[in-house]
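Novice: One predicted model, sequence on top.
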Amino acid sequence: MSGVHQSEDNRGIRELGAEELVGWDAVTQGVVINSFEGDATGVVEKKAEERTYSDFSSYTATVASWRVIKPVYNRDICIDCQNCWVWCPDTSIISRDKQMLGIDYDHCKGCGVCVEVCPTNPKSLLMFGETEDNETALSGWPEKKKKEK
Ligand code: SF4
Ligand code: SF4
């Protein structure tokens, strides 16, 4: 399916060979964790794949391997409101020129926030089991709910 990226690279700290990094439970209060290497000026204008993420960024040390359920995206219902893009804590909604394109499964951790904030009826994003085929998920999409009187 176009616009949907399947997970191929669920690297964690160990797989990256970065075990010497301090774990989250050893980080002291007030510490600054840089998302990018060096000067981050202009990073907003760059696409994710063009940015120089630091080893601390969840883009580098992805948490996608945590995922047991995944969001599936239905283009037919989406109104491109960008709510999911704004709220995703792992920048895993792929959007270009204000058009929602799909999910970055290499970085999505399956938290479900994008589904919660999607305003359409039915929702344009729904959570399914990690192993469920996306086409199967799309074929059983719920119908529009009628307003209760
Ligand atoms: S499930 Fe969570 S991490 Fe994945 S795309 Fe949705 S909001 Fe982002
Ligand atoms: S929140 Fe829902 S309607 Fe809005 S862009 Fe995301 S998928 Fe589309």
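Specialist: Received it, and whenever you're ready, just let me know what you need. Ligands and ions are numbered 1, 2, ... in the order given.
Novice: Closest to the centroid, which residue in the protein?
Specialist: Ser92 (2.3 Å; CA atoms, centre = their mean).
Novice: Which residue, other than its chain neighbours, is closest to that residue?
Specialist: Cys108 (3.8 Å; CB to CB, 6 or more residues apart in numbering). C-beta here means a position set from N, CA and C on the backbone, and glycine is covered the same way.
Novice: and the gap between that neighbour and ligand 2?
Specialist: Between Cys108 and ligand 2 the computed distance is 13 Å (CB to the nearest ligand atom, to the nearest Å).
Novice: and what of Lys46?
Specialist: Counting by CB to the nearest ligand atom - Lys46 and ligand 2 are separated by 22 Å.
Novice: do the same with Pro89
Specialist: Pro89 is 14 Å from ligand 2, by CB to the nearest ligand atom.
Novice: Going forward, the N-terminal residue is numbered 39.
Specialist: Renumbered: residue one is now 39, and that last one reads Pro127.
Novice: returning to what we had before: surely the residue nearest to Ser130 and Arg105 touch.
Specialist: Yes - assessed by CB atoms under 8 Å, Cys146 is found in contact with Arg105 at 6.4 Å.
Novice: What is the burial count for Thr100?
Specialist: 25 (other CB atoms under 10 Å).
Novice: what's the burial count for Thr98?
Specialist: Thr98, neighbours per other CB under 10 Å, totals 17.
Novice: if I look at it, how far off is ligand 1?
Specialist: Taking CB to the nearest ligand atom, one finds Thr98 at 16 Å from ligand 1.
Novice: try Val155
Specialist: In terms of CB to the nearest ligand atom, Val155 sits 8 Å off from ligand 1.
Novice: pLDDT weak spots in this structure?
Specialist: Along the chain, the model assigns pLDDT under 70 to residues 39-62.
Novice: Near ligand 2, which residues of it are found?
Specialist: Within reach of ligand 2 by CB under 6 Å from any ligand atom, the chain has these residues: 116-122, 138, 155-156, 158, 162-163.
Novice: Find the pair from those residues with maximum spatial separation.
Specialist: Farthest apart among those by CB to CB are Asp118 and Val155. That separation is 13.8 Å.
Novice: secondary structure class for Leu164?
Specialist: strand (DSSP: H, G, I helix; E, B strand; the rest coil).
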